[in-house]
Each structure stands twice: as structure tokens, then as C-alpha cells.
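Enquirer: Provide a 3D model corresponding to the input given below.
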Amino acid sequence: GQIRCKKMCPVIVKEVEDHIEDQKQAFMAEGMKEEEAEKAAVEEMGDPVEVGVEMDQIHRPKMPWKVIFVIALMQILSGMFAAFFLKQNESYGYIAGIRQIFRLAMAFSVMILVCYMDYSWIGKHARLLAGSYLLFMVLMRHFFALQINGAVRWIGVGGFIVSFSLMSWLFLPLYGAVLYRYRGEGYGAVLKAIVWMLLIAGILITCPDSVMAGTVGLSCIFMLMLALEKGWYQVAVTKVMTGIGISVVGVPVGILAYFFFFGAEYQKSRILAMFAVNKSQMMEGTTLGAVRELLSKCMAVGRATGVEDFWTGDRISSADYMILGIAGYCGILVMVLCIAIIAGLLCWFLRSALKQKNQLGMVMGTGCTALFLIQTVVFILENLGGVGNMGIYCPFFGTGRSGMLTSYILLGLLLSICRYQKTAPEPVIRSWRWRQRSQS
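Expert: Model (predicted):
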């Protein structure tokens, strides 16, 4: 009666009964009769109300307020910087900055709402949810796609436009639940997991958005490798992981090599620009050249010379180079501090996910964090002139509505996994082979 989280009552009842039974057997071994031993074991538990209060403190959702405070701090900083940088570009102005702050507030509210939702129900309906979401994306891609510059990475419904590519992020927790659903199966489970992965990657490639397909695909591979390492499937783990690793490296290299040697000239130029080949004739007049030029002028603290010229024209987007803008206007030390806060936050999420006792929460949390890590690392490399503009959205320093919505939904899911780490029971899922064996 002291337990407020009612779904934990069956678990706690089982825990108490097991403890009483163990103590009863110990008393009987000392020579007590069964009835006396049982009574003594119950009395040994202590006052039931006090025990109930103690167990309620253990088995109850706990909000990670410190992490939420850090996220809120990053929101305030990114909102201030975004409003300032948007103002620098005549194409946006003050209204865009105000709109950005409003979007951040709405995204934060969505994050808190998702945090209060119990994520474990996803595991009970994994394949249905994942399949329905893929079907939803195919239908949206077919009927509501907006073609911009030859690509269909956006969809519009009634004047409301969202990024189709960024919507793919929401598939990752569903994919983690699918992996969980196949526990206890053999090579067929690994094959089916790869098929699910290829489906989402294939949808993104048709946009075309190979960068996002690679990002989401790598996150799925990370989850699959984690599931294999945890021994979820009855396979030769080392051989399967080696094969997947070779494919992860070999397939992209083979595709790039094909387009570099046999593709059109513009495809070769894009590959060279992607890897930021250091050739002065390629740098001059390009965004990458402008990025490196501004970096060379940045100081430890303070405004860099000519930083205002960086934002002129439509070539430079504040959403793509906000970290660089911080270095240009505030100094390299401020930029390093912002990067350190983001890195610390992501490391905390990864560590928390890997330590989850709930296996469903563990794989879903690590998958979402892996996506954030990949996006953030590439975004920082873009801002430091390490790679060309790859259209990467940073979860904490971006200005797009679609990116904020999907990012904060996933952040809310990560917070939900932390909040329910002591209360979310493992979904009872039994494979087809298990049911066959039980019936026989």
C-alpha cells in the first residue's frame, strides 16, 4: 500500500516473497517447524509500513533534474546565439531570432512530455510500430514530398513543412525495440535486423540523402553490434561482428571509389570537397575556404577581425556554422567551453544507457546517443574546417524546426530511460521457437 508506482507492485511482491521463503528455509534448517519458521521469517521483515516506504523510495521514477538543467542551459545559450546570428543575415532579421526562441521553448516542453512517458511499452509492439513508421515515411515520401534543387528531403502538409531526412531519427528507438524483440533467436534474427536497417537507409538514399542514410545506418549498426556483444542471439558472435565490420568499411569505400573513378566530374569534385582536400585552388571562393579563413583570425577571447563579413550573402547558414560563429564573436575559449558541455552531456547519456539494467532501455538509449554523437562530431568538424558542409544538424546548436522537434523527442526518450531505470520492467517477449518448444 506504500508503493506509488503500481506497476512495480508485482515485482516487489515477488521480491518480498522470495526473501521470506529464503529466511524461512534458514530457520527450518536451524530446527524450527515450518509454521514457526514462516512466522519468524515474516516478523524478521520488520514493520510493513516502514519497509513499504523504503521500497517506494527505491522503486519509483526519479527525474534527472541536473541533466535537465544542463539541457535548459544549453537551450538558453543556443537560443541567444541563434537569435544574434540570424540577425546578422539580412535574409532573416529579428523576427527569425524570436521565432527560434519560441521553437526552443516548444521543443523543451515536448522533451519533458516525452520524459514522463514510460518507454517500455515500445518493446511490446516493436515490429508493429517500426513497420508502421516505415510505411508512414514511404507514404509521406510518395504523396507529400517537396522537390527542392532536385532532392525530395522535405515534405509539406497544409503549409507545414518538415525535413523528411530528420524524421528518420525517430526510427532508431523503434529499431532498438525490434532488436530486443528478436532475442534468443539465431542467424535469422541478425538477417532480419539487417533488412530493417537497409529499409530505412534505402528510403533515405532515394531522397537522395546519403549522409543521413550513413548516419542512421551507422547508429543502427552500433545497436546491432551491442546486441551481439550482449549475447542476445544464438550465433557465432565474433564471426558475425567481423563480417559486419568489414561491410561497414568496405561498402562505403567501394561506392566512393566507383563514383570517384567512373562517376561524373561534379561527383568527383563533391567527394574531394567532402574530405576537405587541401588544394588552394579548390578552397578559394568556397564555404570551406571562408571557414578556414575565419578560424585563422579567431582569438582566444574576443571578436575576430572581419567576422561580420562571414555571414553576408546566402552561402553561409548560421544553422550550419553556429559553433564557428561563437568562436568568431566570443573567442575560441568560449567555443571550447560549449563543445565541452555538449561532450559531457553526451558522455553522461552514453554511460547512463550502457549501465541500464533494463536491456530494452539500454539498446534504445545507446542508439539515440550514438546518433547524437555522430551528428555532433561531424558538425564540429564542419565548423573547424575539417570537412566540407555535409548538411549535418547539431542537436544543441541548430535552428531548424524539424531538427529541434526530432532532437528533443529523442532527448525526452533518453530522459525517460533514466527516469524509469528502477521501475520499467522488462517486456515479456518470447520468440516463436520458445513457443514451439513449450507447446511440444
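
Enquirer: tell me the gap between stretch 301-311 and the middle of its chain.
Expert: Here stretch 301-311 is found 33 Å from its chain centre; the criterion is C-alpha atoms, centre = their mean, to the nearest Å.

Enquirer: and stretch 360-375, by the same measure?
Expert: 4 Å.

Enquirer: cool, and stretch 372-384?
Expert: 14 Å.

Enquirer: before we move on, what about stretch 205-223?
Expert: On C-alpha atoms, centre = their mean, the centre of stretch 205-223 falls 13 Å from that of its chain.

Enquirer: can you pull the buried residues of that stretch?
Expert: Buried positions in stretch 205-223, judged by neighbour count with 16 or more other C-beta atoms under 10 Å: 207, 209-210, 212-223. C-beta: built from backbone N, CA, C; applies to glycine.

Enquirer: same deal with stretch 159-170?
Expert: 162-170.

Enquirer: where does the prediction get shaky in the stretch 301-440 of the chain?
Expert: Scanning the stretch 301-440 of the chain with the threshold set as pLDDT under 70 gives 310-319, 422-440.

Enquirer: which residues of it fall in strands?
Expert: Using DSSP state E, counting those that start in this stretch, no strands are found in the stretch 301-440 of the chain.

Enquirer: likewise the stretch 101-250 of the chain?
Expert: Using DSSP E, counting those that start in this stretch, strands in the stretch 101-250 of the chain cover 145-148, 151-157, 160-163.

Enquirer: can you show me the helices along the stretch 101-250 of the chain?
Expert: 121-124, 126-143, 164-167, 171-181, 187-205, 210-229, 237-262 (DSSP state H, counting those that start in this stretch).

Enquirer: just say which of the ones you listed is most tucked in.
Expert: helix 171-181 (a mean of 26; mean count of other C-beta atoms under 10 Å).

Enquirer: and it, what other elements does it pack with?
Expert: When contacts are defined as 3 or more C-beta pairs under 8 Å, 6 or more residues apart in numbering; DSSP states H and E, helix 171-181 packs onto helix 121-124, helix 126-143, helix 187-205, helix 210-229, helix 359-383, helix 401-419.

Enquirer: with just CA atoms, put that helix into CSV.
Expert: Included here for helix 171-181 are C-alpha records, laid out as CSV according to Å, rounded to 0.1, in the frame of the first residue of the first chain:
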residue,chain,number,x,y,z
PHE,A,171,13.1,5.2,-36.3
LEU,A,172,16.2,4.5,-34.1
PRO,A,173,14.4,3.7,-30.8
LEU,A,174,11.9,1.5,-32.8
TYR,A,175,14.8,-0.3,-34.3
GLY,A,176,16.3,-0.9,-30.9
ALA,A,177,13.0,-2.4,-29.8
VAL,A,178,13.0,-4.6,-32.8
LEU,A,179,16.4,-5.9,-31.9
TYR,A,180,15.1,-6.6,-28.4
ARG,A,181,12.2,-8.5,-29.9
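
Enquirer: I'd like the average pLDDT over stretch 114-134.
Expert: Stretch 114-134 shows a mean pLDDT of 88.

Enquirer: any residues touching that stretch, and which ones?
Expert: By C-beta atoms under 8 Å, 6 or more residues apart in numbering, the surrounding residues in contact with stretch 114-134 are 63, 68, 170-171, 173-175, 177-178, 180-181, 196, 199-200, 203, 358, 360-361, 364, 408-409, 411-413, 415-417, 419-420, 424-427, 429.
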